[in-house]
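# I need the structure of the sequence given here:
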Amino acid sequence: MNWWIHEISDSVHWDADGLGIIDPRQFQYIIDLLEPLSDYGLQNELVDDAFYSFGIDKVEKDKTVLLKRVQDSILESEDPLFALPDVLDEEKGPYADLLDHITKLRVKMLNDLIDFSQNLTVEELEEEIREAQNADFLEGRVSHFFSELTAILEYIPEGFELDDDDESKPKSEDEELEKDLADVDAVTDEKIEEDETMKWDEEEEADEDYEETTAPPDDDKGK
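Purely as a prediction, here's the structure:
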């Protein structure tokens, strides 16, 4: 489901060969992964500066999608936007700065949440991700920007896991229903103070018990 740029109508030279673009669904997923890093110093302006935002202008008969540059903030826009990383300068550009920033924050978060015998380093994370990218390259696969970002934002050293993974995931409908039922049970389990007006309930229950115990076993009408 990755999108690739076929052509760019821009006076600035872009190397469109293997150039990917992040779709709105993918970008929302990235935002969700970035959220935990807010507690560790995430700078939203670096996220905004790292991408050019595009909206859908037209869809051709051959399913080619024409995108139009918009000036809206990719983080604040209410419309679904495509995000093209600014990689005109791959080593010192805004996108490269963002990768460095989130890598440092991811390492900081992992060292805070996982009890390593020795602190994880940025170099170790980068080396492991680089090895995976090189393996893809040798097999003829081009790494998409979405995969590059999620590799950092989802990175956990082999053999470890985050204790709060389950808590950070959205609850399913079944889990929400179980919680609601538990709340109902908690309310009904509370003892209600009885008074004179409630005695008729006890008498009615006694009559029902009597009818149930004396009714013939094969009498369907008594059930």
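# Tell me which helix or strand the residue nearest to Y52 when sequence neighbours are not counted sits in.
By the measure of CB to CB, 6 or more residues apart in numbering, the closest residue to Y52 outside its immediate chain neighbours is L84, 4.5 Å from it. For every residue, glycine as well, the C-beta is placed using N, CA and C. Per DSSP states H and E, L84 falls inside strand 82-85.
# ok, and what's touching stretch 89-108?
Contacts to stretch 89-108, defined as CB atoms under 8 Å, 6 or more residues apart in numbering, come from residues 34, 37, 40-43, 46-47, 49-51, 85-87, 120-122, 125-126, 148-149, 152-153, 155.
# In that stretch, which residues are buried?
Buried positions in stretch 89-108, judged by neighbour count with 16 or more other CB atoms under 10 Å: 93-99, 101-103, 105-108.
# Convert it to CSV, retaining C-alpha atoms only.
Provided in CSV are the C-alpha atoms of stretch 89-108 (Å, rounded to 0.1, in the frame of the first residue of the first chain):
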residue,chain,number,x,y,z
ASP,A,89,19.4,17.6,1.1
GLU,A,90,19.5,14.0,2.4
GLU,A,91,22.1,14.6,5.0
LYS,A,92,21.4,18.1,6.4
GLY,A,93,17.8,18.8,5.4
PRO,A,94,14.6,19.0,7.6
TYR,A,95,13.8,15.4,7.1
ALA,A,96,17.3,14.3,8.1
ASP,A,97,16.9,16.5,11.2
LEU,A,98,13.6,14.9,12.1
LEU,A,99,15.2,11.4,11.8
ASP,A,100,18.0,12.4,14.1
HIS,A,101,15.5,13.9,16.6
ILE,A,102,13.1,11.0,16.8
THR,A,103,16.0,8.5,17.0
LYS,A,104,17.4,10.3,20.1
LEU,A,105,14.0,10.5,21.7
ARG,A,106,13.2,6.8,21.0
VAL,A,107,16.5,5.8,22.6
LYS,A,108,15.8,8.1,25.6
